[in-house]
Each structure stands twice: as structure tokens, then as C-alpha cells.
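**Student:** Take a look and give me a structure for this.
(one chain, ligands or ions: 1)
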Amino acid sequence: MSNEPIAVSGGLRTNAEQVEASRNRALFESNPSSWETKLENFPKYVRRQNLTRFLALYEIFKLIQPVKGSIIECGVNHGFGTMSWAKFSAILEPVNLMRRVYGFDTFEGFPGVSEKDRSATSQHVKEGDLAADVHDELTQLVDIYDSTRFIGHVNKVKLVRGDATKTIPTFVEENPHLLVSLLYLDFDLYEPTKVALEHFLPRMPKGAVVAFDELDNPLWPGETLAMLETHAKRPLRIERLDFDPYIGFAILD
Ligand SMILES: C[S@@+](CC[C@H](N)C(=O)[O-])C[C@H]1O[C@@H](n2cnc3c(N)ncnc32)[C@H](O)[C@@H]1O
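**Tutor:** Down below sits the predicted model:
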């Protein structure tokens with residue numbers, strides 16, 4: 001099989017990467033073991049890139065573990081990040097009942113796309129993209145997660161549904177106690193990222209982490225533009241993990 005790279009949505013995937021998921025799926029489906037056995041052996045089937053992401057989130061979580069405050073996941077989508085933070089907290093700091101994980105999403109995809117999200121390489125982006133109608137599923141999964149963890153009767157995860165440009169200001173007003181140890185920005189777009197930075201940054205102590213998923217990414221110019229506007233007022237030293245190409249993060253000083 002040729003391994004020559006081909007363009008996919010402005011990125012590059014080799015032919016082998018194009019067929020990787022379907023090859024894994026065929027083997028997953030033909031294995032007669034129970035779904036539980038297969039999930040318990042997830043590294044067999046999960047793509048290296050997804051494991052990389054999980055490990056990257058783990059490294060970010062360890063940075064904020066000694067910092068007071070809750071975790072804000074901006075853009076829940078199917079729940080990878082939200083449930084990763086929740087499980088890291090349950091594993092690594094089971095008595096930290098005060099750390100909450102707040103996940104913001106429409107659960108209907110992008111409510112709109114602004115001119116700042118447009119460039120020659122991002123023309124494909126449109127309203128409704130990345131819709132993941134999983135609010136109810138995630139609510140039930142959180143209930144199961146609570147049922148088996150230490151101090152599980154105290155809520156850990158809260159999903160905030162709706163357009164974040166509206167829900168974030170209301171949320172902050174209704175939660176005057178809020179302190180943020182990790183602001184994980186993964187809306188992909190300018191406007192909600194800008195609103196999140198404006199409302200949550202003032203609530204982040206020194207040592208807290210603001211992380212961005214799409215900086216310097218030609219497909220998503222809006223997130224970088226929102227970061228730069230914040231950076232002009234409060235300069236951020238944007239770092240990266242040595243094994244992950246996507247996440248940029250700053251430890252606040
Ligand atoms: C890249 S996905 C998030 C991925 C997620 N962090 C994960 O771990 O898999 C971007 C999400 O942002 C959401 N989103 C974008 N703009 C939004 C807005 N204004 N309000 C609420 N959600 C928004 C989309 O619905 C989408 O689910």
C-alpha cells in the first residue's frame with residue numbers, strides 16, 4: 001500500500017492513516033470477546049493519536065493538581081476531555097470534592113461562525129459542524145461514574161448546555177464563588193473563546209493553566225486571534241508538551 005500523504009481538510013493523512021480506523025474496526029468486530037474485554041484492552045484498538053491526546057491531558061492535569069479551583073472544558077463534543085478530567089480527578093485526588101469539572105457546549109455543534117474564523121484554509125467551517133447530541137448519554141455516564149467513586153454523592157461534573165457566548169456570562173454571575181485552575185479552550189472558534197477568556201481569566205490564580213487546542217492551526221484562525229487579543233493585555237508564555245503537536249498552554253504568573 002502506498003504511504004504517500006494525501007490532503008484531508010487542509011491537513012495531511014497518509015493512505016495507511018486513512019484506512020487505519022476501518023482496519024481496526026474490522027478486527028474489533030470480528031473478535032468474539034465481550035465488549036467489556038475489548039474495552040479493557042483498549043490500547044489494542046485505539047489509534048496512537050488518541051492515546052497521545054489522553055496522555056497529553058493527563059500531563060496538563062498534573063500541572064494543575066496542586067492549584068486550587070475547578071476545571072472548565074470549553075467544547076465538550078463527545079466528552080473525551082470532560083470525562084478524562086473527571087476520571088483523573090477521581091483517580092489522583094479522590095478527596096478533592098471541591099474541584100468541579102464544568103463542560104460547556106451547545107451539543108448541537110457550532111451555533112455560528114464569525115469572519116474571524118475565516119481564512120483561505122478554513123472555508124469549510126460552518127454552522128452546525130461538530131454536532132454531538134450526547135448530553136443525555138453523558139449525564140447517564142456521569143451518574144455511573146459517581147456511583148462507584150469516592151465521595152461520589154458530591155457532584156463532580158456539570159454540563160452547561162447552550163451557546164457559550166451567552167451561558168458563560170450567566171454562569172459566572174450565578175457562581176460568584178468560582179475559581180478556575182484549568183481553562184481548556186477547545187471551542188475552535190473566535191467568539192466563544194474570547195468570551196471564555198474574558199470571563200474566566202480573572203478567576204484564575206497564579207499557577208493556573210490556560211490551554212488552547214488549536215493555536216497556530218491554519219484550519220482554525222479564530223482561536224489564535226482570541227488568544228492574541230488577551231495576550232496584548234496579559235502576556236502569556238505559551239508552551240507545548242514534547243510529544244503532542246496540538247496543545248499550547250500557559251501557566252499563569
Ligand atoms: C473540537 S470540539 C471539542 C472537543 C472536546 N474538547 C473533546 O475533548 O473531544 C468543539 C466543540 O465546541 C462546541 N462549540 C463551539 N462553539 C460553541 C459555542 N458558541 N457554544 C457552545 N459550544 C460551542 C461545538 O459544539 C463542539 O462540540
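
**Student:** What is the least confident helix or strand in this protein?
**Tutor:** strand 5-8 (a mean of 45; mean pLDDT, DSSP states H and E).

**Student:** That strand: what's the following helix or strand?
**Tutor:** Where DSSP states H and E defines the elements, the next helix or strand beyond strand 5-8 is strand 11-14.

**Student:** which parts of the protein sit against the ligand?
**Tutor:** Within the chain, the positions near the ligand by CB under 6 Å from any ligand atom are 73, 75-78, 80-81, 104-106, 109-111, 130, 132, 163-165, 186-189, 192. (C-beta placed from N, C-alpha, C; glycine too.)

**Student:** where exactly do the strands run in the stretch 101-250 of the chain?
**Tutor:** With strands called from DSSP state E, counting those that start in this stretch, the stretch 101-250 of the chain shows them at 101-105, 157-161, 180-185, 209-212, 248-251.

**Student:** in this protein, which spans are helices?
**Tutor:** 15-30, 35-40, 48-64, 80-92, 135-148, 164-174, 190-200, 221-233 (DSSP state H).

**Student:** could the ones you listed go into a markdown table alongside mean neighbour count?
**Tutor:** Shown next, in a markdown table, are the helices of the chain (neighbours: other CB atoms under 10 Å):
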| stretch | mean neighbour count |
| --- | --- |
| helix 15-30 | 12 |
| helix 35-40 | 10 |
| helix 48-64 | 16 |
| helix 80-92 | 20 |
| helix 135-148 | 14 |
| helix 164-174 | 16 |
| helix 190-200 | 23 |
| helix 221-233 | 18 |
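
**Student:** With mean pLDDT added, can I get these in a markdown table?
**Tutor:** Formatted as a markdown table, these follow (pLDDT from 0 to 100):
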| stretch | mean pLDDT |
| --- | --- |
| helix 15-30 | 95 |
| helix 35-40 | 97 |
| helix 48-64 | 98 |
| helix 80-92 | 98 |
| helix 135-148 | 98 |
| helix 164-174 | 98 |
| helix 190-200 | 98 |
| helix 221-233 | 95 |
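
**Student:** and A132, how far is that from I168?
**Tutor:** If you measure A132 against I168 using CB to CB, to the nearest Å, the figure is 19 Å.

**Student:** chain center to stretch 167-183, what's the gap?
**Tutor:** From the chain centre to the centre of stretch 167-183 is a distance of 17 Å (CA atoms, centre = their mean, to the nearest Å).
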